[in-house]
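Undergrad: The following comprises the amino acid sequence and a computationally predicted model.
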Amino acid sequence: MAQWLDTISTHWFWLSLGLVLGVAEMVAPGFFLMWLGLAALIVGGLDYFLPITVAYQVAMFATLSVLTVFAGKKFLHDNPIETEDAKLNDRGARLTGEIVTVVEAITNGHGRVKVGDSVWSARGVDAATGSRVRVTGADGAVLLVEGGLD
């Protein structure tokens with residue numbers, strides 16, 4: 001195999017790879033690299049205690065990678081992360097009830113409103129620029145508004 005493998009114990013390679021993949025998961029979270037890191041740590045641990053050839057280590061890593069990814073997916077599917085806030089990742093729904101300012105007149109049912117420091121597309125009754133409207137809901141990235149607050 002490669003000459004660099006002759007200079008180090010292969011279990012240190014696998015343990016280091018597992019740690020690097022764990023750190024990479026923390027830097028760029030995607031909930032995928034941690035399972036590969038776990039597979040590398042398992043191979044490193046087994047290689048420390050058992051005399052395993054490099055070819056078998058690579059095959060074991062590939063097999064364990066697939067198994068740990070699917071086990072992690074099953075675990076998350078069976079134990080979903082729940083929240084008390086049903087609108088946690090739905091910004092449009094979180095804005096329902098807010099009073100916003102029209103920055104581009106709503107004519108023929110379409111215009112733009114200012115929400116905080118951003119501007120959203122809006123749909124609703126006609127309203128002049130500068131008037132205040134209430135958000136009644138959202139349709140994707142378009143806020144549904146009703147007028148008559150001025």
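TA: Nice, I can see it.
Undergrad: Remind me what the helix ranked longest in the chain packs against, helices and strands.
TA: Using DSSP state H to assign secondary structure, the helix with the most residues in the chain is helix 54-78. In this structure, helix 54-78 packs against helix 10-27, helix 33-49, with contacts taken as 3 or more Cβ pairs under 8 Å, 6 or more residues apart in numbering; DSSP states H and E. (Glycine included, C-beta is placed from N, CA and C.)
Undergrad: tell me the SS of the residue nearest the centre of the chain?
TA: Central residue of the chain (Cα atoms, centre = their mean): Gly30, 6.1 Å from the mean position. For Gly30, the assignment made with DSSP: H, G, I helix; E, B strand; the rest coil gives coil.
Undergrad: which residues sit against the longest helix of the chain?
TA: Contacts of helix 54-78 with the rest of the structure, by Cβ atoms under 8 Å, 6 or more residues apart in numbering, involve 1, 5, 10, 14, 31-32, 34-36, 38-40, 42-43, 46-47, 52.
Undergrad: Just the buried subset of those residues, please.
TA: Buried members of the contacts of helix 54-78, counted by 16 or more other Cβ atoms under 10 Å: 10, 14, 34-36, 38-40, 42-43, 46-47, 52.
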